[in-house]
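Undergrad: Turn this into a structure:
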Amino acid sequence: MPTTLIVLDHPCTLAASENVPHNRSCTAAIAERAIESARSEGHDVDVIDLHADGFKPVMTREDLVSWRTVQEMDPLVADSQRRLPQADRIVLAFPVWWELTPALTTGFIDRVCAKNVLYTQPGKGRFHRLLKKDVEVVAVTVMSTPKGLYRWLFHRPVVAALRWGICWKSGIKRFRWIPITGVERTTAERRARMLADFAL
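TA: Below is the predicted model of the structure:
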């Protein structure tokens with residue numbers, strides 16, 4: 001059975017997926033719908049909820065030593081590194097802040113998507129992918145910036161970094177971007193329609 005791994009980055013965690021005042025998150029609600037969508041396709045679903053897990057995003061000296069010597073250090077990092085290669089689809093769900101990925105998503109990429117986990121580089125030059133052959137990476141972003149403005153004025157920095165800086169360099173050929181925009185102006189009715197229509 002195929003597996004979808006969902007990596008959620010939002011301070012309110014997946015528990016904020018319901019529309020409860022002062023404890024709600026569009027990102028969490030979208031992640032919940034992604035879980036339902038993947039299950040409807042017959043996928044097993046694995047969820048990494050970065051804030052709920054207490055994931056630390058900062059790369060330390062010890063992390064660099066671990067990266068260079070291929071040793072385990074942080075148990076949360078090691079656990080995520082074991083789970084990534086099992087996924088047929090990896091979904092990154094996060095809000096776009098200041099047109100970029102939030103800290104925990106950046107830290108997850110820095111600390112988890114390391115050499116000898118995501119890829120190998122036997123010599124100088126080409127990377128060799130270590131994830132499944134046809135693995136797909138899906139970035140689901142939630143932002144207030146309109147999609148056209150994000151594309152033409154800001155040149156989609158999150159998409160460029162994920163598609164070309166990570167996936168292309170490490171041999172992952174399948175990448176999709178699902179932008180959810182205008183969330184600060186969303187009414188309850190529009191939110192309900194958006195969630196009902198969402199699918200991976």
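Undergrad: for the record, mean pLDDT for stretch 130-140?
TA: When pLDDT is averaged over stretch 130-140, the result is 92.
Undergrad: Between the two ends of it, how far is it?
TA: Taking Cα to Cα, to the nearest Å, the first and last residues of stretch 130-140 lie 23 Å apart.
Undergrad: Return the set of buried residues in it.
TA: Within stretch 130-140, the residues scored as buried using 16 or more other Cβ atoms under 10 Å are 131-132, 135-140. For glycine as for every other residue, the C-beta is placed from the backbone atoms N, C-alpha and C.
Undergrad: and the residues you listed, which of them are in strands?
TA: With DSSP state E as the criterion, strands contain 136-140 from among these.
Undergrad: Format these as JSON lines; extra columns: distance to residue 81.
TA: Conversion of these to JSON lines gives the following (distance: Cβ to Cβ, whole Å):
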{"residue": "136", "distance to residue 81": "19"}
{"residue": "137", "distance to residue 81": "16"}
{"residue": "138", "distance to residue 81": "20"}
{"residue": "139", "distance to residue 81": "20"}
{"residue": "140", "distance to residue 81": "22"}
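Undergrad: The lowest-mean-pLDDT helix or strand in the chain - contacts with which helices or strands?
TA: Scoring the helices and strands of the chain by mean pLDDT, DSSP states H and E places strand 128-129 at the bottom, with a mean of 76. For strand 128-129, the packing partners by 3 or more Cβ pairs under 8 Å, 6 or more residues apart in numbering; DSSP states H and E come out as strand 119-120.
Undergrad: from the chain's centre, how far out does the strand it packs on sit?
TA: 19 Å (Cα atoms, centre = their mean, to the nearest Å).
Undergrad: now swap in stretch 190-200 and tell me
TA: Here stretch 190-200 is found 19 Å from its chain centre; the criterion is Cα atoms, centre = their mean.
Undergrad: which element follows the helix or strand residue 68 falls within toward the C-terminus?
TA: Here residue 68, judged by DSSP states H and E, is contained in helix 61-69. The helix or strand immediately downstream of helix 61-69 is helix 75-83, counting by DSSP H and E.
Undergrad: which of the residues in that following helix are buried?
TA: Across helix 75-83, burial judged by 16+ other Cβ under 10 Å covers 76-77, 80-81, 83.
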